[in-house]
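J.: Fold the following and give me the result.
(one chain, ligands or ions: 1)
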Amino acid sequence: MAYRYLNIENVGKRYQTPNGALDVLESLDLRIENHEFVCIVGPSGCGKTTILNLIAGFESPTSGRLTLLDEPIEGPGSDRAVVFQEASLMPWMNVQSNIGLPLKVKHVSKEERAAKVEPLIDTVGLKGFERHFPWQLSGGMQQRVGIARALAMDPQIILMDEPFGALDAQTRESMQESLVDIWSKSKKTVVFITHSIDEALVLGDRVIVMGSRGTGVKDDIHVDLDRPRDSTTVPFNELKKHIRELLVN
Ligand SMILES: Nc1ncnc2c1ncn2[C@@H]1O[C@H](COP(=O)(O)OP(=O)(O)OP(=O)(O)O)[C@@H](O)[C@H]1O
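T.: Numbering: from 1, shown residues only. Predicted coordinates for the structure are as follows:
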C-alpha cells in the first residue's frame, strides 16, 4: 500500500463573495510523499494559493479532507511552515533574532535558540550577517532569512508561495540553487507554487499542472532529469513545451 504522507482527498473549496459562491476547487485529489519537492503551476486564479492555505490549515475545505501522516489537518501547526513572496521579517530584529523567533514563541531557552540558529545561518549562506537588520539586507538575503526561519521550526513540510517572485533573475537563479541544496540536505517535503515553468522544472521532483479554476489537476509530471537541472537540454525543453501547451489549452 502506498505510504500516505500528505493526502488531499476529494477536496472542494467554495468561497462566498459579494457576487455569489465561487467554487475554486472541486474534488481535488493529490498525494504528496515524504521528502518530495512538488511544484504547482497553473493559470492565475486557479486555486494554487488556496491549496497551500488548506495544507497550512489557514483555510478549511468545504468538502473532502486533508491528512498529514493520517491525522486530519484542522488548523495551522508547527509541522508546516510557510514562506511567502515577502519575507515578512521583524524590522527591529536582527537576522539571528528573526530566525530564532519561532523558537522564542515556543519558549525555547536563549542558549538552545543560539545553538539551533547558528547552523541555520550557515545553511542559508548568511554567515557574517547575524547582526544585520532586515533593512541592511538585499531582497534575496531577506528571503534566505525567511527560509532559515521556516527551517528553525523543524517542520515536516515547507510550503512556499512564489517565494522568489519578487527577485531579479540572477538572484532568483542563485536562490533556486541554494533551495535545492537546502532541500537535499534537510530532507524536508517542499510544496512550491510558481508562475515560472522553468523554475518548476529546475526545482521539482514533480510538477502539478492545474487547469483553470474548478477544473483541477491537468497533469502530474514526474521530472526524471538529473540535478543540477540544465535548462538548455532537449528533455528539459520538451517538458517545458508540454507544460506550456497544457497551460494555454
Ligand atoms: N478568501 C477569499 N474569499 C473569496 N474569494 C477568494 C478568497 N481567496 C481566494 N479567492 C478567490 O479564489 C480564486 C483562487 O484564488 P487563489 O489565490 O487560490 O489563486 P492562485 O491560483 O493562487 O492565483 P494567482 O496565481 O493569481 O496567485 C480567485 O478567484 C480568488 O479571487
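J.: quick one: low-confidence parts of the protein?
T.: The chain contains residues with pLDDT under 70 at 1-4.
J.: and the residue nearest the centre of the chain, what element?
T.: Central residue check for the chain by CA atoms, centre = their mean: the C-alpha nearest the mean position is that of Met160, 2.1 Å away. Per DSSP states H and E, Met160 falls inside strand 157-161.
J.: same deal with Arg14?
T.: strand 6-17.
J.: what about that strand and the ligand, touching?
T.: Yes - Strand 6-17 is in contact with the ligand by CB under 6 Å from any ligand atom, via 15, 17. C-beta coordinates here come from the backbone N, C-alpha and C atoms, glycine included.
J.: which residues are in contact with the lengthiest helix in the chain?
T.: Ranked by number of residues, the top helix in the chain under DSSP state H is helix 169-186. By CB atoms under 8 Å, 6 or more residues apart in numbering, the residues outside helix 169-186 that reach it are 37, 123-125, 138-140, 143-144, 147, 151, 163-164, 167, 190, 199, 202-203, 227-228.
J.: And for stretch 20-34?
T.: For stretch 20-34, contacts defined as CB under 8 Å, 6+ apart pick out 2-16, 38, 46-47, 50-51, 61, 64, 156, 189, 191, 208, 213-214, 216-217, 220.
J.: got the residue ranges for the helices in the chain?
T.: Going by DSSP H, the chain shows helices at 48-56, 95-105, 110-123, 139-152, 169-186, 197-203, 234-248.
J.: Tell me which residues of the third one come out buried.
T.: Think helix 110-123. Neighbour-count burial for helix 110-123 flags 113, 116-117, 120-121, 123 (criterion: 16 or more other CB atoms under 10 Å).
J.: Same check on the second one?
T.: Judged by neighbour count (16+ other CB under 10 Å), helix 95-105 contains these buried residues: 95-103.
J.: Return the residues of this protein in contact with the ligand.
T.: Residues of the chain lying near the ligand (CB under 6 Å from any ligand atom): 15, 17, 22, 24, 42, 44-50, 213.
J.: Same list as before, these that is, but in a markdown table and with neighbour count included.
T.: Listed next are those as a markdown table, based on neighbours: other CB atoms under 10 Å:
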| residue | neighbour count |
| --- | --- |
| Tyr15 | 13 |
| Thr17 | 8 |
| Leu22 | 13 |
| Val24 | 20 |
| Gly42 | 24 |
| Ser44 | 8 |
| Gly45 | 12 |
| Cys46 | 23 |
| Gly47 | 26 |
| Lys48 | 22 |
| Thr49 | 19 |
| Thr50 | 20 |
| Arg213 | 18 |
